[in-house]
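S.K.: give the three-dimensional model of this entry:
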Amino acid sequence: MADTTTYRLILIGFGAAGQGLARILRDRGSWLEQRYGVDLRIVAVCTRNRGTVYNTTGIDPAVLLDAVAQTGHLRNLPDQRDWAPEDMIERADADVLVELSATNLADGEPATSYVRLALENNLHVITANKGPIALHLPELRRLATEAQLYLGYEGTVMSGTPALRLAWSSLAGCEISEIRGIVNGTTNYILTQMEQGLSYADVLAEAQRLGYAEADPSGDVEGYDAAAKAVILANVLMNAHLSLSDVERMGITTLTRDTIEAARAAGERWKLIARVWREGEQVRASVQPTRLPLSHPLAGVGGATNAITYTTDLLGDVTLIGAGAGGTATGFAIISDILEMHLLWGR
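M.R.: Coordinates of the predicted model:
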């Protein structure tokens, strides 16, 4: 491709998602440039515990990945900076902030402040962080629109599986009346394993050992993560104005082997379902353990996989199934947002 646009990226956070993005750029960066005309360069990485590096010409993704693999941090690399994320956003010569810090569903901080500051400093923003989008989307959209900058957040619902983009792009022209989804891989894994006769406690311990569940699993098993995603789906795709407190929420901790077996005997299966629907002029949302008939497309989705069904006026039910977590999947979500940004702003 004759014309190439260079995008210089600041990464805040270099956990699974940041490393997933770096792996894609290491392995497919040249192909992305040839195929789409985008030269994606990581010029800065800011982390809370692993060090902060900045180089205006770009940092080789392989070098970043090797450093973390060998030492667990970036502090031995050249171009170290004793800069806070705010300093980097204001001082770095960059085009895009990729915000991948830890999710905070109480107030969305510090990620929301990073996003605001980036927009104020003429940086496009892409994030996989649910906090800013679930809690502060109207404000952030307004700031991005006023600054004529791109705000991307595909990775906030089903990681790399394009749940949002399918609805707002491929289903454009349809009216969506209901959304039902398995949007938390941890709980889906637990429920799938419990069907094999294991107890909730035993499966949770195994999920924690495998890295599917955190040491404190309440965000997943009590439904908070799914509730945040339900808010994003409602507000982005159905023009609602919901907050987390508007979501009727129940987790999976009350389910037992007996309740799982009772559903199976009836030809049904328990799933933690995030649901968004229109009720008259209102949009409502819930997260509830739900017994689905085995014939339902969501019932057959096992393990840590995610899925979502859109009920539309013109096509009926449309179901999307794919990876809902993982570093590579989330890294791909960042790439997909960058490519959309390039189509909208880069030419």
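S.K.: show me what contacts the closest residue to Trp345 other than its chain neighbours?
M.R.: Counting by CB to CB, 6 or more residues apart in numbering, the nearest residue to Trp345 once its immediate chain neighbours are dropped is Tyr150, at 5.7 Å. No exception for glycine: its C-beta is placed from N, CA and C like everyone else's. Tyr150 is in contact with 124-126, 144, 337, 340-341, 344-345, counting by CB atoms under 8 Å, 6 or more residues apart in numbering.
S.K.: 10 Å - rerun?
M.R.: 96, 119, 123-126, 144, 337-338, 340-342, 344-346 (CB atoms under 10 Å, 6 or more residues apart in numbering).
S.K.: please name the nearest non-neighbouring residue to Thr83.
M.R.: Just so we're on the same page, residue 83 is Trp rather than Thr. Thr52 is the one closest to Trp83 (CB to CB, 6+ apart), at 5.8 Å.
S.K.: so the one you found versus Arg8, what's the distance?
M.R.: Taking CB to CB, to the nearest Å as the measure, Thr52 falls 16 Å from Arg8.
S.K.: so for these two, which sits in the more crowded spot?
M.R.: Neighbour totals were compared for Thr52 and Arg8, and Thr52 leads with 23 against 19 (other CB atoms under 10 Å).
S.K.: ramachandran angles for the more buried one?
M.R.: Backbone torsions of Thr52, given as degrees, to the nearest 10, read phi -130, psi 130.
S.K.: what's the answer for the one 10 residues further on, then?
M.R.: Taking degrees, to the nearest 10, you get phi -60, psi -40 for the backbone angles of Ala62.
S.K.: for it, what are its contacts?
M.R.: Counted by CB under 10 Å, 6+ apart, Ala62 has contacts 22-23, 25-27.
S.K.: one more: Thr52?
M.R.: Residues in contact with Thr52 (CB under 10 Å, 6+ apart) are 12, 14, 44-46, 74-75, 77, 79-85, 87-88.
S.K.: what about these, which are in helices?
M.R.: 85, 87-88 (DSSP state H).
S.K.: of those, closest to Gly322?
M.R.: Nearest to Gly322 out of the ones in helices among the contacts of Thr52 is Pro85 (CB to CB; 30.8 Å).
S.K.: and the helices in the stretch 51-200 of the chain?
M.R.: Ranges of helices in the stretch 51-200 of the chain, per DSSP state H, counting those that start in this stretch, are 61-71, 85-91, 111-120, 130-147, 155-158, 163-165, 185-194, 200-210.
S.K.: just the C-alphas of the last one, formatted as PDB.
M.R.: Written as PDB, here are the backbone C-alpha positions of helix 200-210 (Å, rounded to 0.1, in the frame of the first residue of the first chain):
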ATOM      1  CA  TYR A 200     -19.400 -24.600  43.500                       C
ATOM      2  CA  ALA A 201     -16.500 -24.300  46.000                       C
ATOM      3  CA  ASP A 202     -14.300 -26.900  44.200                       C
ATOM      4  CA  VAL A 203     -14.900 -25.300  40.800                       C
ATOM      5  CA  LEU A 204     -14.200 -21.800  42.100                       C
ATOM      6  CA  ALA A 205     -10.900 -23.000  43.500                       C
ATOM      7  CA  GLU A 206     -10.000 -24.600  40.100                       C
ATOM      8  CA  ALA A 207     -11.000 -21.400  38.300                       C
ATOM      9  CA  GLN A 208      -8.700 -19.400  40.600                       C
ATOM     10  CA  ARG A 209      -5.900 -21.900  40.000                       C
ATOM     11  CA  LEU A 210      -6.300 -21.500  36.200                       C
END
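S.K.: from Val96, how far out is the residue nearest to Trp345?
M.R.: For Tyr150, the distance to Val96 (CB to CB) stands at 8 Å.
S.K.: buried stuff in the helix or strand bottoming out on mean pLDDT in the chain?
M.R.: In the chain, the helix or strand scored least confidently by mean pLDDT, DSSP states H and E is helix 200-210, which has a mean of 87. By 16 or more other CB atoms under 10 Å, the buried positions in helix 200-210 come out as 200, 203-204, 207.
S.K.: wait, what's in contact with the closest residue to Asn104 other than its chain neighbours?
M.R.: Excluding the flanking residues, the one nearest Asn104 by CB to CB, 6+ apart is Gly131, at 4.8 Å. Taking CB under 10 Å, 6+ apart, we find Gly131 in contact with 99, 101-112, 115, 156, 228.
S.K.: report the angle between the longest helix along the chain and helix 61-71.
M.R.: Counting by DSSP H, the longest helix found in the chain is helix 16-36. Between helix 16-36 and helix 61-71, the angle comes out at 160 degrees (axes from the mean of the first three to the mean of the last three CA atoms, to 10 degrees).
S.K.: what's the average pLDDT for stretch 34-42?
M.R.: In this model, stretch 34-42 carries a mean pLDDT of 96.
S.K.: what comes up buried for that stretch?
M.R.: Neighbour counts over stretch 34-42 (16+ other CB under 10 Å) mark 36-38, 40-42 as buried.
S.K.: check these and tell me the two furthest apart.
M.R.: The largest separation in these, counting by CB to CB, is between Gly37 and Ile42 at 18.4 Å.
S.K.: much appreciated, bye for now.
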